[in-house]
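# coords below, sequence missing:
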Ligand SMILES: [Zn+2]
């Protein structure tokens, strides 16, 4: 593998946007970031060990990290081998992701953990699988698009099996804390260093704080699949769990920002931005198996029919309910900018450093800094990805083709 030097791009660290810098990647790590002037006078013999990539005037950012994605390119993370999902995602700048399990039959979820765990050990192409996200099965059956009959009450022997089968790779689990036995589950997950994300829940506010105190740090797609608080009594707006989650500073929040603002209305996205700040929003795709395919009628892994309408990136069930998206991370960034007017570098932060921080990977991923993993995305003003580097290796490149 050649070491790489990236020249002429605009670096998004993502805490700032800087010009006239040259980025050195050595092996699988970021070696250094030096000024263009310094590079002019760099020792020639040293540089001869490197391949130089001209980024044009494109942006050079950390690779995107998608912590909530059920599938793409015909692949479902529960049902199918995931190599084709990894190869698809790398084309859109995603250098790391967590294949995310839908609530399926419990044995199938366990088998999926085993499969992904094995894949992690041998993977050498595409976007890198960083772990597993399990959206359920411990969810409120009345909220979200999961099949009601498949959600479960937490039982130690079951969740221990799921965790042990994942071989240390279960990274996130979404839990509805109102379920009987959920508090014990949350304690067990935290003891095993697994991120607990609150979601698909309709818990009462006082009970919610008791659960949060056990170490919950993340919210699963805030403002989707949660109990609402629109009831008005005596002219007073009810206070609900979503408002509590919005102002709770210790929680990072996944946000689903689709093209038409179907999952979360643009005004609500702006409210999320003001409450959580650029530092606590994690953009996700929540993408389904038909991601990458044209609009039309498809089936989910559990056989239910869904529709993708022309001009949308939202997946709808036949009854009109929402079931995730067909987004890629570049689109999530673009959509969030379109809806909120946030700066490019801030939206990029929500797709790089923030997700890395949410899953405790920010000591090695999500930032352009000496010593970090050499995971890079190069893209234009409109976040069209041109080149992706994973572990210091170019795994997608259309830059040359444009010359
Ligand atoms: Zn999901």
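Great, that's in hand. Here the structure is a predicted model, which is why all the values come from computation and not from measurement.

# Flag every residue of the stretch 151-300 of the chain that's near the ion.
residue 286 (C-beta under 5 Å from the ion). Where C-beta positions appear, they are placed from N, C-alpha and C, glycine not excepted.

# and the closest residue to residue 29 other than its chain neighbours, how many residues sit next to it?
Across the structure, with C-beta to C-beta, 6 or more residues apart in numbering as the measure, the residue nearest residue 29 apart from its sequence neighbours is residue 374 (5.5 Å). For residue 374, the count of nearby residues is 25 (other C-beta atoms under 10 Å).

# Surely residue 374 is in contact with residue 24?
No. Proximity of residue 374 to residue 24 does not meet the contact threshold set by C-beta atoms under 8 Å, at 9.4 Å.

# hey, what's in contact with both of the two?
Residues touching both residue 374 and residue 24 (C-beta atoms under 8 Å, 6 or more residues apart in numbering) are 4, 30.

# ok, which stretches of the stretch 51-200 of the chain are strands?
Shown for the stretch 51-200 of the chain, the strands assigned by DSSP state E, counting those that start in this stretch span residues 59-62, 64-69, 71-72, 75-76, 94-101, 128-129, 132-135, 170-175, 195-198.

# Let me see the contact set for residue 79.
Each residue near residue 79 by C-beta under 8 Å, 6+ apart is listed here: 108, 112, 289, 301.

# Provide the backbone phi and psi angles at the nearest residue to residue 344 once chain neighbours are set aside.
With C-beta to C-beta, 6+ apart as the criterion, residue 344 has its nearest non-adjacent residue at 6.5 Å, and that residue is residue 337. Comment: the main-chain dihedrals of residue 337 come out as phi -60, psi -50, following degrees, to the nearest 10.

# Residue 337 contacts residue 348, correct?
No. When contacts are counted by C-beta under 8 Å, residue 337 is not listed as touching residue 348 (9.6 Å).

# Between those two, tell me which one has more neighbours.
When residue 337 and residue 348 are compared on other C-beta under 10 Å, the one with more neighbours turns out to be residue 348, at 28 against 18.

# residue of the stretch 51-200 of the chain with the smallest distance to the ion?
Among the residues of the stretch 51-200 of the chain, residue 135 lies nearest to the ion; the distance is 4.7 Å by C-beta to the ion.

# ok, that residue - how many residues close by?
Neighbouring residues of residue 135 were enumerated by other C-beta under 10 Å; the total is 26.

# For the closest residue to it other than its chain neighbours, list the residues it contacts.
For residue 135, ignoring the flanking residues on the chain, the nearest one in space by C-beta to C-beta, 6+ apart is residue 174 at 4.7 Å. Neighbour list for residue 174: 133-136, 138-139, 197-200, 220 [criterion: C-beta under 8 Å, 6+ apart].

# What score does residue 174 have for pLDDT?
The score at residue 174 is 97. That number is its pLDDT.

# Nice, that's everything, thank you.
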